[in-house]
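S.K.: Below are the sequence and a predicted model for it; my questions follow.
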Amino acid sequence: MNGHARLKPDISVIIVNYRTADLAIAAVESVLARAHGGRSVDVHLIDNGSAGDDGETLRAAHEAKQWDGRVTLHLESENHGFGRGNNVVLEALARRPDPPSYVFLLNPDARLDNEAIDILATFLDDTPSAAAAGASVVRPDGERVTAAFRFPGAASEFATACGLGFVSRLLRDSHVAMPADLSRQPVDWVTGAGFMMRFDALRQVGFFDPDFFLYFEETELLWRLRKTGHAIWYVPEARVVHVAGAATGMKGGRVQDRPQPGYWYDSWRLYHVKTRGRTGARLVALARLGGALVNVLQNGLRGRGATLPARFFPDFGRFVLTPLFLGDPLLARPDGKTVRAPR
């Protein structure tokens, strides 16, 4: 760093793998292949207790590719999910006498498409009010997809569930997904596929909430960062390529050919309870339920099946409505299966 005009902060990259070892290796290589504007960058690759031989595959790659000194391998015995998996590394970084200035989270099925890390770090260097900055995302075929979002609410949930074009157009300003060709600007939150945060701001809000297993965890984290007065920016000049759904089988927050997993509904409920309170979460849940009923009715009148996830009503009732109205609204399954003991 001594050869540069100004002191550039160091950056830790975190990649959480689960059953995508080959893609995770490619993600690491995409980071090591870049110059990052001369910044000091280290990589932390964590395997979330993947079944099969992912751990050995990553260990072998670490040795064969001579990553020692540049990549730290964390082989966990259980699947922590996305947020807690990142927390394993974030808490280790917090114990260092010299924690990094920034952390860059990169999905295992994503890779750098340009000097995204330096672009985002330079933006944060120059924008003290921003706590996080997200990259634009392209598919392997070059298609640019949505990577910046609004926080979800009752209107967006109703519009999403009902599936009516005129309702969607009427409520366009509440759509969660923003246009894929969005220009650089502050937003509510950015995709977790590739984004950078100030480590001090992250430590101030306590890292990821461990109640979430998968989905909505980065949305909730960025909501907390926004609540402390920080801005979240979308910086499309930084680009990552993202396969999407390689580990979960989900795309755009929905599975393609089977019911959505229970942990998706758990995370949906937890997000709304933690950001809106129980009453607010109940209103949003009723909006989604109402939209789903409209979906069934309007498609039934046209002789078609509803465009809802398989088993939507029983799963929404079990994982969302019952805890919200009859039980513990903060019921959590941090491992995606086992109910957490009350605190």
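M.R.: Received, thanks. Numbering: from 1, shown residues only.

S.K.: Please identify the buried residues of the helix or strand encompassing residue 203?
M.R.: When secondary structure is defined by DSSP states H and E, residue 203 falls within helix 199-205. Neighbour-count burial for helix 199-205, with 16 or more other C-beta atoms under 10 Å as criterion, is recorded at 199, 201, 202, 205. (Glycine included, C-beta is placed from N, CA and C.)

S.K.: The last one contacts residue 221, doesn't it?
M.R.: In other words, residue 205. Yes - the pair residue 205 and residue 221 qualifies as a contact (C-beta atoms under 8 Å) at a distance of 7.1 Å.

S.K.: Doesn't residue 111 lie inside a strand?
M.R.: Yes - the assignment for residue 111 (DSSP: H, G, I helix; E, B strand; the rest coil) places it in a strand.

S.K.: That one: neighbouring residues, count only.
M.R.: 24 (other C-beta atoms under 10 Å).

S.K.: give me the number of residues near the nearest residue to it once chain neighbours are set aside?
M.R.: Nearest in space to residue 111, with sequence neighbours left out and distances taken as C-beta to C-beta, 6 or more residues apart in numbering, is residue 30 at 3.7 Å. One way to gauge burial is a neighbour count; for residue 30, by other C-beta under 10 Å, it gives 17.

S.K.: For residue 30, what is the enclosing helix or strand?
M.R.: Using DSSP H and E, residue 30 sits in helix 21-32.

S.K.: Same question for residue 238.
M.R.: Secondary-structure element containing residue 238, defined by DSSP H and E: strand 231-242.

S.K.: so what does that strand touch, helix or strand wise?
M.R.: Using 3 or more C-beta pairs under 8 Å, 6 or more residues apart in numbering; DSSP states H and E as the contact test, the elements touching strand 231-242 are strand 110-112, helix 116-126, strand 130-138, strand 185-187, strand 189-190, strand 194-198, helix 217-227.

S.K.: Any regions of the chain where pLDDT drops low?
M.R.: For the chain, residues meeting the criterion pLDDT under 70 lie at 1-9, 245-257, 342-343.

S.K.: For the helix ranked longest in it, buried residues please.
M.R.: Among all segments of the chain classified by DSSP state H, the helix with the greatest residue count is helix 262-301. The neighbour-count criterion (16+ other C-beta under 10 Å) identifies 263-276, 281-282, 284-289, 291-292, 294-296, 298-299 as the buried residues of helix 262-301.

S.K.: and it, what other elements does it pack with?
M.R.: So helix 262-301, by 3+ C-beta pairs under 8 Å, 6+ apart, packs with helix 154-162, helix 217-227, helix 312-316, helix 322-326.

S.K.: mind giving me TSV with these and columns for mean neighbour count and distance to residue 95?
M.R.: Putting the helices and strands packed on helix 262-301 into TSV (neighbours: other C-beta atoms under 10 Å; distance: least, C-beta to C-beta, whole Å) gives the following:
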stretch	mean neighbour count	distance to residue 95
helix 154-162	22	39
helix 217-227	21	20
helix 312-316	16	40
helix 322-326	16	35
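
S.K.: Figure out which of the ones you listed is closest to residue 123.
M.R.: helix 217-227 (15.5 Å; C-beta to C-beta).

S.K.: can you give me how far the closest one is from the chain middle?
M.R.: Relative to the mean C-alpha coordinate of its chain, helix 217-227 is positioned 10 Å out (C-alpha atoms, centre = their mean, to the nearest Å).

S.K.: who does it touch, helix- and strand-wise?
M.R.: Helices and strands touching helix 217-227, by 3+ C-beta pairs under 8 Å, 6+ apart, are helix 81-94, strand 130-138, strand 189-190, helix 199-205, strand 231-242, helix 262-301.

S.K.: With distance to residue 317 as new columns, can the helices and strands packed on strand 231-242 be given to me in TSV?
M.R.: Written out in TSV, the entries for those read as follows (distance: least, C-beta to C-beta, whole Å):
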stretch	distance to residue 317
strand 110-112	35
helix 116-126	41
strand 130-138	34
strand 185-187	33
strand 189-190	28
strand 194-198	34
helix 217-227	23
